[in-house]
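Novice: take this sequence and fold it.
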Amino acid sequence: MAYKRGLMLNLEDNVANALEETLPGDTIQLSLNHEIITIYVEEYIPFGFKVAVKDIHCNTPIIKYGQQIGIANRDIRKGTLVHVHNMTGARGRGDLDKKREGK
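Specialist: Numbers count the residues shown, from 1 in each chain. This next block holds a predicted model:
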């Protein structure tokens with residue numbers, strides 16, 4: 001079986017970048033720290049876009065490269081596209097920083 005390529009840099013990440021266009025039924029295989037992670041793609045993922053590497057529940061942080069980049073605004077299934085339709089950006093948002101500080 002030919003695997004599609006993906007990029008994930010941290011075992012804490014719950015998303016990876018698709019390094020190739022992927023179609024439903026394709027498989028992405030990631031190798032990280034001697035672990036192999038296999039993702040069965042459920043929907044079209046364009047080149048460079050994020051794919052969930054595990055189920056992500058609503059209101060859970062989206063983690064990429066070991067950093068929180070957003071928050072899931074609905075449940076996201078492993079193998080599906082993670083983008084603006086199912087996550088809210090959290091980087092550089094002063095309103096969220098104030099909430100974290102209790103202001």
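
Novice: nearest residue to the middle of the protein?
Specialist: Centroid-nearest residue in the chain, with C-alpha atoms, centre = their mean: Val15, separated by 2.1 Å.

Novice: ok, that one - contacts?
Specialist: Residues in contact with Val15 (C-beta atoms under 8 Å, 6 or more residues apart in numbering) are 8, 50-53, 56, 62-64, 82. Where C-beta positions appear, they are placed from N, C-alpha and C, glycine not excepted.

Novice: just Pro24 next, same as before
Specialist: Per C-beta under 8 Å, 6+ apart, neighbours of Pro24: 41-44.

Novice: give me the number of residues near Ala16?
Specialist: 23 (other C-beta atoms under 10 Å).

Novice: beta partners for it?
Specialist: Ala16 has the following beta-bridge partners by DSSP bridges: Val51.

Novice: I'd assumed Leu32 was in contact with it.
Specialist: No - at 9.1 Å, Ala16 does not count as touching Leu32 under the criterion of C-beta atoms under 8 Å.

Novice: worst mean pLDDT across the helices and strands of this structure, which element?
Specialist: helix 94-101 (a mean of 57; mean pLDDT, DSSP states H and E).

Novice: in what helix or strand does Glu12 lie?
Specialist: For Glu12, there is no host helix or strand (DSSP states H and E).
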